[in-house]
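> missing the sequence, but the structure's below:
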């Protein structure tokens, strides 16, 4: 186990920043989000999870895909140079680390590789930070996530009184720590115990139960208070829906993709005006079925990591843990 | 323990049992002690779900739009701001007064759930008044069919509304120079996720189809960038001009903490200066300043 003193951490980030853009959680307008580290000495790694998940570093809110130009009968397409920088994400919590693996399933498996996502993902090193305290809205352990040790990361960090313990997990993580030089010292200090969330829900059997619930009146009842806004989807680390549209000016323009939300009426509106999900009942149902039924059916895992962001920010307290509990209780 | 809450449950049960109404919209206890989200009761035996506490924050008026095309009569609990939301919806012919039954509550002001979460339950008494209640001018409902009155002579307001502070945030922004102001608003709206929580909770937003749900109309694109986000912000602010009831729900529900009410209040302040004092959703008969024309209206362009 290696250790770095708290006041030396900026120096480590500085070393990493020579070859990569380093992202750390920072305060911005009263909220905490992952931001490029700009060399400031004060770090707020220990302030709990970020308001926004770090997913936009791999899957930006808005991303230009290609440009086009038309001249007479000729049309040309200009590729957008793909991302070739390097990133180091520091302070990623176990829940968000799991979300990266879920996003990988979507963008990199089942026969299609999304190049935009792949370039960013492959060029990024993830330094996880264990949780030694949690919010009332946290429920990661319900999805088998260990708040004390993240999956699929390069380096695991633990906060201790005067610094951080670090353990390289992958070869790339070892390289990162090799760059630290004198900053790290060997220690036999044991990692602090992880904070175990108080909010727990038993997800066993929920997928199978939902398979028979598409037409159940429960969806009417649970959706009544839903506002139909997209806050839950945009703050969710695993929601990955996007739309592709074009911006045209005269003879040229560009295609972009941007986040989309299944909570919006426009999401499923077809040419001609028909909408197979006409009200918030169908939309809310889809959101929960996607996370708890369709995704497990396709990828063998839930598309929820228990980060609690939706629960924390939903204006009307739509609570996925309560939905799971109620789904398991309702009579078919 | 709480006479308002007991009266709430009793009245809801009576109204549902008699068949006077088919649904009661109120609040229930949520996942945590500091959350009392909306609830919809249709059976008399479920009325004990209803609660009244300092976290019954949500303005319930907007939900009536969900039942616009049903035959049901709906009872709804209204605080001061909820009642103003009802007046707004009535003025816009969105709801039928005969099909709603309004149970008024003299609101003592609700508490800030987010700060409550940070303080912890043992400090429940210290939780401050919600931002949206700090400058409330109408804690008592402006319209109701019956009024629940607490029996213990409970103070009407735990913190007296200081109307003079109503535009304090606006004045701070007005005092900035144009560059500072630009920096202030772009920094705020660069964070905007375009989740539309502000729009969806707003009782002044009741268009059948919203411009922002028509991204291919060419008005406002779906890209989350400064230009489109600012267009969204300004369009929405102008759209609720003269109709914003200052319930503050947009700002409360914004996941990014954007000071939306500062924008809305700037417009309210300007309207007051240009067209005379007007408070939306207070008087059913008083037309909104932008919904009427007077020969002596100022016509200079600001």
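Yep, that arrived. Just so it is clear, the model here is predicted, and its values are computed rather than measured.
> going forward, measure contacts between C-alpha atoms and count neighbours the same way
Fine.
> residues near residue B:43, how many?
Number of residues near residue B:43 (other C-alpha atoms under 10 Å in any protein chain shown) recorded here: 14.
> give me the residue from the stretch 101-250 of chain A nearest chain B.
residue A:230 (4.3 Å; C-alpha to the nearest C-alpha).
> Could you look up the SS state of the closest residue to chain A within the stretch 151-300 of chain B?
Residue of the stretch 151-300 of chain B nearest chain A, by C-alpha to the nearest C-alpha: residue B:195 (4.3 Å). Secondary structure state of residue B:195, per DSSP: H, G, I helix; E, B strand; the rest coil, is coil.
> quick revisit: do you know how far the residue of the stretch 101-250 of chain A closest to chain B is from residue B:198?
11 Å (C-alpha to C-alpha, to the nearest Å).
> What's the local residue count around the residue in the stretch 1-150 of chain B positioned nearest to chain A?
As assessed by C-alpha to the nearest C-alpha, chain A sits closest to residue B:37 within the stretch 1-150 of chain B, at 5.2 Å. By other C-alpha under 10 Å, 24 other residues sit near residue B:37.
> tell me the pLDDT at it?
pLDDT recorded at residue B:37 is 98.
> ok, now which ones touch it?
A:316-317, B:27-30, B:56-58 (C-alpha atoms under 8 Å, 6 or more residues apart in numbering or on different chains).
> Apply 10 Å and report the result again.
Residues in contact with residue B:37, defined by C-alpha atoms under 10 Å, 6 or more residues apart in numbering or on different chains, are A:225, A:314-318, B:26-31, B:51, B:55-60.
> residue boundaries of the helices in the stretch 51-200 of chain A?
Secondary structure of the stretch 51-200 of chain A, counting by DSSP state H, counting those that start in this stretch: helices at A:94-108, A:115-122, A:171-178.
> can you tell which of the ones you listed is closest to residue B:283?
helix A:94-108 (49.9 Å; C-alpha to C-alpha).
> buried sites along the closest one?
A:94-100, A:102-108 (16 or more other C-alpha atoms under 10 Å in any protein chain shown).
> That one packs against which elements?
For helix A:94-108, the elements it packs on are helix A:115-122, strand A:124-129, helix A:295-299, judged by 3 or more C-alpha pairs under 10 Å, 6 or more residues apart in numbering or on different chains; DSSP states H and E.
> want to try a markdown table for those, with mean neighbour count, distance to residue B:4 and mean pLDDT as columns?
Formatted as a markdown table, the helices and strands packed on helix A:94-108 follow (neighbours: other C-alpha atoms under 10 Å in any protein chain shown; distance: least, C-alpha to C-alpha, whole Å; pLDDT from 0 to 100):
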| stretch | mean neighbour count | distance to residue B:4 | mean pLDDT |
| --- | --- | --- | --- |
| helix A:115-122 | 17 | 54 | 96 |
| strand A:124-129 | 24 | 47 | 98 |
| helix A:295-299 | 15 | 45 | 98 |
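> Wait, residue A:198 touches residue B:32, no?
No - Residue A:198 is not in contact with residue B:32 according to C-alpha atoms under 10 Å; the separation is 11.8 Å.
> Could you tell me which residues touch both of the two?
What both residue A:198 and residue B:32 touch, as defined by C-alpha under 10 Å, 6+ apart, is the set A:136-137.
> Would you mind measuring from the residue nearest the centre of chain A to residue A:303?
Centroid-nearest residue in chain A: residue A:237, 2.5 Å away (criterion: C-alpha atoms, centre = their mean). In this view, residue A:237 and residue A:303 are 9 Å apart by C-alpha to C-alpha.
> And for residue A:226?
Distance from residue A:226 to residue A:303, by C-alpha to C-alpha: 20 Å.
> Equivalent analysis for residue A:172, please.
27 Å.
> repeat for residue A:143
10 Å.
> So which of those two has more stuff around it?
Set side by side, residue A:143 and residue A:303 show more neighbours around residue A:303, with 25 against 20, by other C-alpha under 10 Å.
> Quick check: closest non-adjacent residue to that one.
Leaving aside its chain neighbours, residue A:303 sits nearest to residue A:291 (4.5 Å; criterion: C-alpha to C-alpha, 6 or more residues apart in numbering or on different chains).
> That neighbour should be in a helix, yeah?
Yes - counting by three-state DSSP, residue A:291 is part of a helix.
> Can you give the strand pairings for the helix or strand harbouring residue A:255, parallel or anti for each?
When elements are assigned from DSSP states H and E, residue A:255 belongs to strand A:252-259. Sheet pairing for strand A:252-259, assigned by DSSP bridges, gives strand A:62-71 (antiparallel), strand A:242-249 (antiparallel).
> Including mean pLDDT, could those strands go into TSV?
Shown next, in TSV, are the strands paired with strand A:252-259 (pLDDT from 0 to 100):
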stretch	mean pLDDT
strand A:62-71	95
strand A:242-249	93
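> Please, where are all the strands along chain A?
A:2-5, A:21-28, A:31-36, A:62-71, A:74-79, A:87-92, A:124-129, A:155-160, A:163-168, A:185-186, A:242-249, A:252-259 (DSSP state E).
> In space, what's closest to the residue nearest to the spatial centre of chain B - neighbours in sequence excluded?
Geometric centre of chain B, nearest residue: residue B:247, 3.4 Å, by C-alpha atoms, centre = their mean. In this structure, residue B:247 finds its nearest non-sequential neighbour in residue B:81, 5.4 Å apart by C-alpha to C-alpha, 6+ apart.
> Quick check: that neighbour touching residue B:202?
No - the criterion here is C-alpha under 10 Å, and residue B:81 misses it with residue B:202 at 11.3 Å.
> who touches both of the two?
Counting by C-alpha under 10 Å, 6+ apart, the residues touching both residue B:81 and residue B:202 are B:59-61, B:245-249.
> I'd assumed the residue nearest to residue B:247 was in a helix, is it?
Yes - Residue B:81: assigned to a helix according to three-state DSSP.
> That one: neighbour count?
Residue B:81: 32 neighbours (other C-alpha under 10 Å).
> same check, this time on residue A:271
Using other C-alpha under 10 Å, the number of residues around residue A:271 comes to 7.
> Contact partners for it?
By C-alpha under 10 Å, 6+ apart, the contact set of residue A:271 is empty.
> Which pLDDT value goes with it?
pLDDT at residue A:271 comes out at 90.
> Also residue B:152?
45.
> Same question for residue A:47.
82.
> And residue B:294, by the same measure?
86.
> Looks like it contacts residue B:275 (just checking).
Yes - the pair residue B:294 and residue B:275 qualifies as a contact (C-alpha under 10 Å) at a distance of 9.4 Å.
> So which of those two has more stuff around it?
residue B:275 (14 against 8).
> list the contacts for that one?
B:289-290, B:294, B:296-298.
> Can you read off the backbone torsions of it?
The phi/psi pair for residue B:275 (degrees, to the nearest 10) reads phi -120, psi 0.
> Please report the distance of it from residue A:330.
Following C-alpha to C-alpha, the distance that separates residue B:275 from residue A:330 is 56 Å.
> Assess the claim that residue B:82 and residue B:59 are in contact.
Yes - counting by C-alpha under 10 Å, residue B:82 does reach residue B:59; the two are 5.1 Å apart.
> Quick check: neighbours shared by the two?
What both residue B:82 and residue B:59 touch, as defined by C-alpha under 10 Å, 6+ apart, is the set B:203, B:247.
> Great, nothing more from me.
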